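*Asks:* Here you go, sequence then predicted model.
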Amino acid sequence: MPTPPTHRPPRTRQVRVLATLGPASNTAAQIRALYEAGADAFRVNMSHGDDQSKIDLIATVRSLESVLGRPMTILADLQGPKLRVGLFADGRVELQAGQRFRLDSDATPGNASRVQLPHPEILAVLRPGHRLLLDDGKLVLRVLKALDGAVETEVTVPGVLSNNKGLNVPDVVVPLPALTPKDRRDLSLALEAGVDWVALSFVQRADDVAEAKKLIGGKALLMAKIEKPAALDDIDAIIEQADAIMVARGDLGVELPPERVPGAQKLLVTKARLAGKPVVVATQMLESMIVSPSPTRAEVSDVANAIYDGVDAVMLSAESAAGKWPVEAVAMMDAIAREVERDDAYSEQMSFVQPLPEPTTADAICEAARSIQKTVGARAVVCFTTSGSTARRVGRERIPAKLLVMTSKLSTARRMGLSWGVHAVHTQDIGSFEEMVAKSKRMALRHHIASAGDRLVVMAGVPFGVPGSTNVLHVVRLVGDELERYRKAQA
């Protein structure tokens, strides 16, 4: 196999693609093929597989860093609390519209009139009028009467209910912690394996995020998955606590009326952008490509609309994890994103949401960088950062140029894979203004971001290498002899 180039050119698009790994994509060759097709970050679903398989999968992604010459971004997605009904004596029952059906704490196998709900804390908070959605909303029950350790319900949407089917309770804040004992074990395993992001499932309130961040202890960034209606009621506090959010439309689409999901998605994307936090849209984006080599027109429009909304990343789930066409699904995401970003309406749409800068030097410089880039037509904005916070501030400006982020911390470079427009480089820190200018030019050439005649807007902090000290903004121009010197040095 030929040796890949040491420094690969950046993606020709700004939106990131997050691909889930699984049986269809768990070898080094398969993961590399996903990367080559356009995947910028990889999701490991902690719900599936044993501990060793997850450790091996994370290690396989890490092993590709030296091969591809790029820092790789890994997100571990925690399962969260799963509510399920118990077992039936015959494995399944058929519920009729209007019939009475009881959920209780009795472990005896169920029948056509009752079944166990092995979650006493849920039974304790249900009240008349609350809805219970079973099997991803295929069946709906309405609570008629709350009893001691049981509820009597009426079947409003009939169907077949079988063993261990999932349960959603949209009308009440579920009195369960966002982190189950399994999640705590999986979190420890993921952090030990060195993941960059942790996704917290079924977030309902900001306290859920705060608890998880305390356990993570800065070893990774935290992404709050918004898939419960209760989270929408506390969304501003959740976004403030989290490092990013994911619009997880699977359970959100079950618990919310379907017609409300597009509006909720737009609201969440806008709020995240205004807060300067990355936002990912996920679930059933190219669902038909699990079995088909091409998507439906509706799916293409869905992906395109999310990108027009201004998301940082779009995610593939089963399409890349277990589908028949994982590489093709990633390539399709890449193609849709590139086509949208070529549309003049896209840049116009990005200007509709402009976050107000906080009264800090760093925010003032980031806002100025956007104005200067537009005025002088700079090819790229170069950002020196330690923690990555300055890069995220610049990213929320949606500057229509590549963002070259240089950092001396490998962990920071890895975490940038879900941020809009970022091409992160792990490199040695700088120690002087002259070195800042020289390295900006050299790295822009080395990573094929700029060429002779192009301008760069450079941001850094003095004293150099001190987190949170961004206070320098400088415009440089690459001239022909610099390009020639660089080519000779490479030769």
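*Replies:* Yes, it's here. Numbers count the residues shown, from 1 in each chain.
*Asks:* which stretches of the stretch 1-150 of the chain aren't confidently modelled?
*Replies:* 1-8 (pLDDT under 70).
*Asks:* which residues of it fall in helices?
*Replies:* Ranges of helices within the stretch 1-150 of the chain are 28-37, 51-68, 120-125, based on DSSP state H, counting those that start in this stretch.
*Asks:* In the shortest one, which residues are buried?
*Replies:* Using 16 or more other C-beta atoms under 10 Å as the burial criterion, the residues of helix 120-125 that qualify are I122, L123. No exception for glycine: its C-beta is placed from N, CA and C like everyone else's.
*Asks:* For that helix, C-alpha coordinates in PDB please.
*Replies:* Extracted in PDB, the C-alpha atoms of helix 120-125 (Å, rounded to 0.1, in the frame of the first residue of the first chain):
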ATOM      1  CA  PRO A 120     -41.400   1.800  40.100                       C
ATOM      2  CA  GLU A 121     -40.200   5.400  39.900                       C
ATOM      3  CA  ILE A 122     -42.100   5.900  36.700                       C
ATOM      4  CA  LEU A 123     -45.300   4.300  38.100                       C
ATOM      5  CA  ALA A 124     -45.000   6.700  41.000                       C
ATOM      6  CA  VAL A 125     -45.200   9.900  38.900                       C
END
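*Asks:* what does it rub up against?
*Replies:* Contact with helix 120-125 is made by 83, 103-105, 117, 149-151, 167, 169, 172, 174-176, as judged by C-beta atoms under 8 Å, 6 or more residues apart in numbering.
*Asks:* quick one: that helix to chain centroid distance?
*Replies:* Helix 120-125 sits 32 Å away from the centroid of its parent chain (C-alpha atoms, centre = their mean, to the nearest Å).
*Asks:* picking that back up, who wins for neighbours among the contacts of helix 120-125?
*Replies:* Using other C-beta atoms under 10 Å as the neighbour test, the contacts of helix 120-125 are led by L103, with 27 neighbours.
*Asks:* surely that one meets V85?
*Replies:* Yes - in this structure, L103 is within contact of V85 by C-beta atoms under 8 Å, at 7.2 Å.
*Asks:* okay, and the common contacts of these two?
*Replies:* Contacts common to L103 and V85, judged by C-beta under 8 Å, 6+ apart, are V115, Q116, L117.
*Asks:* which residue sits closest to the second one, ignoring its sequence neighbours?
*Replies:* Read that as Q116. G86 (3.2 Å; C-beta to C-beta, 6 or more residues apart in numbering).
*Asks:* how close does the one you found sit to P177?
*Replies:* Per C-beta to C-beta, to the nearest Å, G86 is found 22 Å from P177.
*Asks:* Remind me which helix or strand the residue nearest in space to the middle of the chain belongs to.
*Replies:* Using C-alpha atoms, centre = their mean, the residue of the chain that lies closest to the mean C-alpha position is V280, 4.0 Å off. Assigned by DSSP states H and E, V280 belongs to strand 279-282.
*Asks:* Show me what that strand is packed up against.
*Replies:* Here strand 279-282 touches strand 244-248, helix 249-255, helix 261-275, strand 313-316, going by 3 or more C-beta pairs under 8 Å, 6 or more residues apart in numbering; DSSP states H and E.
*Asks:* Please name every helix or strand in contact with the last one.
*Replies:* In this structure, strand 313-316 makes packing contacts with strand 16-21, strand 279-282, helix 297-309, helix 326-342, judged by 3+ C-beta pairs under 8 Å, 6+ apart.
*Asks:* closest one to A460 among the ones you listed?
*Replies:* strand 16-21 (24.3 Å; C-beta to C-beta).
*Asks:* Walk me through which strands the closest one pairs with, and which way each runs.
*Replies:* Using DSSP bridges, the neighbouring strands of strand 16-21 in the sheet come out as strand 41-45 (parallel), strand 313-316 (parallel).
*Asks:* Output the helices and strands packed on strand 313-316 in a markdown table, with distance to Q373 appended to each entry.
*Replies:* Below are the helices and strands packed on strand 313-316 laid out as a markdown table (distance: least, C-beta to C-beta, whole Å):
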| stretch | distance to Q373 |
| --- | --- |
| strand 16-21 | 20 |
| strand 279-282 | 22 |
| helix 297-309 | 21 |
| helix 326-342 | 16 |
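*Asks:* quick one, which of these is nearest to P128?
*Replies:* Of the helices and strands packed on strand 313-316, the one closest to P128 (C-beta to C-beta) turns out to be strand 279-282, at 34.5 Å.
*Asks:* Identify each buried residue in that closest one, please.
*Replies:* For strand 279-282, a neighbour-count test (16+ other C-beta under 10 Å) marks V279, V280, V281, A282 as buried.
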